[in-house]
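A.B. asks: Sequence first, then the predicted structure, then my questions.
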Amino acid sequence: MSTIVLLPVYRPGQRLLSLITDLLEDGRDPIGVVVVDDGSGPSADAVLAAVRGLGCTVLRRPRNQGKGVALKCGLRHATAAHPGADVVTADGDGQHRAADVRAVFERSGRGRVVLGVRRLDRMPLRSRVGNVVIDLLFRRVTGRAVADTQTGLRAYPADLLTWLCTLPGERFEYEMNVLLAVASRDVCIEEVPIPATYLDGNAASNFGSLADSARVLRSLVRHATPQL
């Protein structure tokens, strides 16, 4: 199976190196790991140099523009450098273990989107409430039930990658726009249960709480407007 693991990062730390090392230690590792740094600046030089030393591709953006921009940058690279390969996206802040990434990429391909979904009862209360509300709205808007619309651990088939790069969204709302577009196309969505891992109270996450939640909700409202 030809699969690229894409890791968008901002101000990455040692957890990124641990994840990549664990991925590459297994005989089932992907054909490549692509790290897109979203404008972290010189503070990330040492970590990203170590990532390159592991044989990974590192793409560095000159300024911070958001996770959606970083993801699309990585997807464009994957289609150009590895045509025909599926892509698994994951967070490099410690939320996803190598075993979780493998579980998703082993189910990738065959024209379907695969989501690594977390158990709600293992999430911090704030994250749990937000996810429940957004998941319910997503089901109301699309008619599709998705257990974890906010997961960053996803597998995208090669034949969708060029199209995914055209979808709007610069920050965390991009991943919601992807799910809305996939649901509209009636693409198969498969779910793989993964643990919910929150280290240090989820301090490493770059999700901006109210601002990013508002962007996600706006995407849902815009999608629903023609149906109202």
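C.D. replies: Right, received. Where do you want to start? Predicted model only: the values in this text are computed from it and were never measured. Numbers count the residues shown, from 1 in each chain.
A.B. asks: Is the most centrally placed residue in the chain part of a helix or strand, or is it coil?
C.D. replies: Note on the chain: the residue nearest the mean C-alpha position is G152, at 3.1 Å, using C-alpha atoms, centre = their mean. What DSSP: H, G, I helix; E, B strand; the rest coil gives for G152 is coil.
A.B. asks: Would you mind confirming that it makes contact with Q95?
C.D. replies: Yes: shown here, G152 and Q95 form a contact pair, counting by C-beta atoms under 8 Å, at 7.4 Å. C-beta: built from backbone N, CA, C; applies to glycine.
A.B. asks: pLDDT wise, what is the residue nearest to the centre of the chain at?
C.D. replies: At G152, the pLDDT value in this model is 95.
A.B. asks: Equivalent analysis for E25, please.
C.D. replies: 85.
A.B. asks: Which parts of this structure are helices?
C.D. replies: Assigned by DSSP state H, the chain shows helices spanning 14-24, 45-53, 67-81, 98-105, 125-142, 161-164, 173-184, 210-224.
A.B. asks: JSON lines for those helices, including distance to D148 and mean neighbour count?
C.D. replies: Conversion of these to JSON lines gives the following (distance: least, C-beta to C-beta, whole Å; neighbours: other C-beta atoms under 10 Å):
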{"stretch": "helix 14-24", "distance to D148": "19", "mean neighbour count": "18"}
{"stretch": "helix 45-53", "distance to D148": "27", "mean neighbour count": "15"}
{"stretch": "helix 67-81", "distance to D148": "16", "mean neighbour count": "21"}
{"stretch": "helix 98-105", "distance to D148": "12", "mean neighbour count": "21"}
{"stretch": "helix 125-142", "distance to D148": "7", "mean neighbour count": "16"}
{"stretch": "helix 161-164", "distance to D148": "19", "mean neighbour count": "17"}
{"stretch": "helix 173-184", "distance to D148": "10", "mean neighbour count": "21"}
{"stretch": "helix 210-224", "distance to D148": "13", "mean neighbour count": "16"}
